[in-house]
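Predicted model and sequence follow; I will ask about them next.
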Amino acid sequence: MLRICLCLTMLGTTLGTTVVHADDWPQWMGLKRDNVWRETGVVDTLPKDPKIVWRAPVAGGYSGPAVAAGKVYVTDYETKDEVKVGNFERKASTGTERVLCLDEKTGKEIWSVPRPETYTISYPAGPRSTPIVDHGKVYAQLAEGQLYCLDANSGKKVWEKNLKEVYKTKAALWGYSSQPLIDGNKLIVIAGGDGSHCVALNKENGDEIWRTGTATEQGYSPPLIIQQAGVRQLVLCSPDAIYAVDPETGKQYWSVDYKADNGSIIMTPIHLGNYLFVGGYNNKNIMIELASDKPAAKTLWRDQAKKGISSINVQPFLMDGKVYGYDQGGELRCIDIPSGEIVWSTPKPLSERKINSGTVFLTRSGSTDKFWMFAQTGDLIIGQLTPKGFTELSRAHVIDPTNNAFGVDVVWCAPAFANKRMYVRNDKELICVDLAK
């Protein structure tokens, strides 16, 4: 199951009279990479038929849009081949991958960078990773390992690198799906290959700064930097281990054995106090206890069928000591940290019954317990999440599903939220939805 999960962020400020400050959504999970939309002046209840500001044609893909400096960036894949294939089936297809830049106000195309590509992966509809916009540049990772740094205004190539060729590896079953991370002058990327599971590149010219780790496959989990035991630690998930390195040098701090089912850890780890939670496919869950006096770790519990969350498409959300997220079995769960005990579960808001790998992306509304929830049905829902349960407040249909998984029509793309608007795509169009009061 291909998971791509990408999202965007905003800030609201009140100074005496109401002054709205709208921040961009320049990367996966937004400005602060935390899946929080902080902008004020947006609706409390969704209208039955939300206003669509504009529609822009795009081709296939699971990658989310990024919004920055009046532009929207997204990637797609144009092909005439059949892209609706089995969950575990690699199938060759030929087409053109593109990085697109659209005008944020109108949706009109500003520039496009196309590249012929042959897919050898499952779920070959298109790219997975959300572009990153940083200091006038756009970094785009495509499904077969092509990595671009482009000028954000013109689309001119600053540098490019093919991860498969450079690191002598192949794309994972569901392609290059991890979300790269910018840390200072570094672009941190899950690359694959011998000794190069993760690499740090100079974001200005693409030169390698360090490489670390060897794994049977890249995996799909985005890297995470935490502050623990008085030092910064870069936490990485491979199909064989959860480990941490020094983000400046790539030198390993600690490693905990882990055997992922089908190489599948999709989520980035959840960090709370001295605990780190990772939920993988088929109940391959693990709770790691971190030392507080030095960089070190040990397993607290693992692979418990009735604990934790087997997160597939949806990045779980940590709030007030509880984790909320969608389990592979098709239910929304609230779990406790560090016990992993399930506090409550429900198949809602997706359905009255559990749907295998059911997907609803979660974005918190500021510091409240309300969430913007985008379901695989194309519905946008405003819902409330508390340790007592889930409450649906309103919903509206915004876009039609164009892909299929497990016999169900789906749209598996995390939306972006910026400028009192929602930006979301399927395999035919990217739309901008007005959410202003």
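In hand now; what should we look at?

Nearest residue to Ile337 in space, please, no chain neighbours.
Closest residue to Ile337 apart from its sequence neighbours, by Cβ to Cβ, 6 or more residues apart in numbering: Leu272 at 5.0 Å. The way it works is simple: take the backbone N, C-alpha and C, and place the C-beta from them, glycine included.

quick one: Lys168 and Gly195 touch, right?
No. Applying Cβ atoms under 8 Å, one finds Lys168 not in contact with Gly195, separated by 10.4 Å.

coming back round to it: contacting residues for the residue nearest to Ile337?
Applying Cβ atoms under 8 Å, 6 or more residues apart in numbering to Leu272 gives the contacts Leu318, Gly321, Ile337, Pro338.

so what's the first one up against?
For Leu318, the set of contacting residues under the criterion of Cβ under 8 Å, 6+ apart consists of Ile270, His271, Leu272, Ile337.

again with the third one
When contacts are counted by Cβ under 8 Å, 6+ apart, Ile337 touches Ile270, Leu272, Tyr275, Phe277, Met287, Leu318, Gly321, Lys322, Val323.

Likewise for Val42?
So Val42 contacts Ser365, Lys420, Leu435, Ala436, Lys437 (Cβ under 8 Å, 6+ apart).

Show me the helices in this structure, by range?
163-166 (DSSP state H).

so where's it shaky on pLDDT?
Residues of the chain meeting the criterion pLDDT under 70: 1-22, 86, 263.

got a list of contacts for stretch 191-198?
Contacts of stretch 191-198 (Cβ under 8 Å, 6+ apart): 145, 163-164, 166-170, 172, 188-190, 199, 211-215, 217-218, 223, 234, 236, 238, 245, 250.

re earlier: from the contacts of Leu272, which single one is nearest Ser93?
Relative to Ser93, the closest of the contacts of Leu272 is Leu318; by Cβ to Cβ it sits at 37.6 Å.

Lys186 - how many residues pack around it?
The number of residues packed near Lys186 is 18, by other Cβ atoms under 10 Å.

Is it bridged to anything, and to what?
Taking DSSP bridges as the rule, Lys186 bridges to Asp183, Asn202.

Wait, it touches Asp246, no?
No. Using Cβ under 8 Å, Lys186 makes no contact with Asp246, being 11.9 Å away.

State the number of residues packed around the closest residue to Leu147 other than its chain neighbours.
Nearest non-adjacent residue to Leu147, counting by Cβ to Cβ, 6+ apart: Lys161, 4.7 Å away. Residues near Lys161, counting by other Cβ under 10 Å, number 21.

where do the strands sit along the stretch 151-300 of the chain?
Counting by DSSP state E, counting those that start in this stretch, one finds strands in the stretch 151-300 of the chain at the ranges 157-162, 181-183, 186-190, 198-202, 208-212, 224-228, 231-237, 241-245, 252-257, 270-272, 275-280, 284-290, 297-302.

just how off-centre is the third one within its chain?
A distance of 15 Å separates the C-alpha centroid of strand 186-190 from that of its chain, computed with Cα atoms, centre = their mean, to the nearest Å.

same deal with the first one?
With Cα atoms, centre = their mean as the basis, the distance from the averaged C-alpha position of strand 157-162 to the chain average is 22 Å.

Kindly report the same for the fourth one.
Taking the mean C-alpha point of strand 198-202 and that of its whole chain, the gap between them comes to 19 Å (Cα atoms, centre = their mean).

That one: which residues count as buried?
Across strand 198-202, burial judged by 16 or more other Cβ atoms under 10 Å covers Cys198, Val199, Ala200, Leu201.

Let me have the residues you listed in CSV, extended by distance to Pro180.
Shown next, in CSV, are the buried residues of strand 198-202 (distance: Cβ to Cβ, whole Å):
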residue, distance to Pro180
Cys198, 10
Val199, 10
Ala200, 10
Leu201, 9
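
Tell me which two of those sit farthest apart.
Between any two of the buried residues of strand 198-202 (Cβ to Cβ), the greatest distance is 10.7 Å, for Cys198 and Leu201.

quick one on the thing from earlier: which of the contacts of Ile337 are buried?
Buried among these by 16+ other Cβ under 10 Å: Ile270, Tyr275, Phe277, Met287, Leu318, Lys322, Val323.

I'd like to know which of the contacts of Val42 are buried.
Ser365, Lys420, Leu435.

Grab the nearest non-local neighbour of Asp81.
Nearest to Asp81 is Ser93, by Cβ to Cβ, 6+ apart, at 3.8 Å.

burial count for that neighbour?
Ser93, neighbours per other Cβ under 10 Å, totals 19.

list the contacts for it?
Thr79, Asp81, Glu82, Val83, Thr118, Tyr119, Pro124.

from those residues, which single one is nearest Ala260?
Pro124 (21.6 Å).

Just confirm Ile182 contacts Ile188, I think it does.
Yes. Between Ile182 and Ile188 there is a contact under Cβ under 8 Å: 7.5 Å.

Which one's more surrounded, those two?
Ile188 (27 against 18).

State the distance from the more buried one to Gly279.
22 Å (Cβ to Cβ, to the nearest Å).

What are the buried residues along stretch 52-65?
Using 16+ other Cβ under 10 Å as the test for burial, stretch 52-65 gives Val53, Trp54, Ala56, Val58, Ala59, Gly60, Gly61, Tyr62, Ser63, Gly64, Pro65.

Let me see the contact set for Ser67.
Quick fix: residue 67 is Val, not Ser. If you count contacts by Cβ under 8 Å, 6+ apart, then Val67 has Leu8, Asp24, Trp25, Pro26, Tyr73, Glu104, Ala416, Ala418, Asn419, Tyr423 around it.

ah, wrong one, I meant Glu160
Counted by Cβ under 8 Å, 6+ apart, Glu160 has contacts Gln146, Leu147, Tyr148, Cys149, Gly206.
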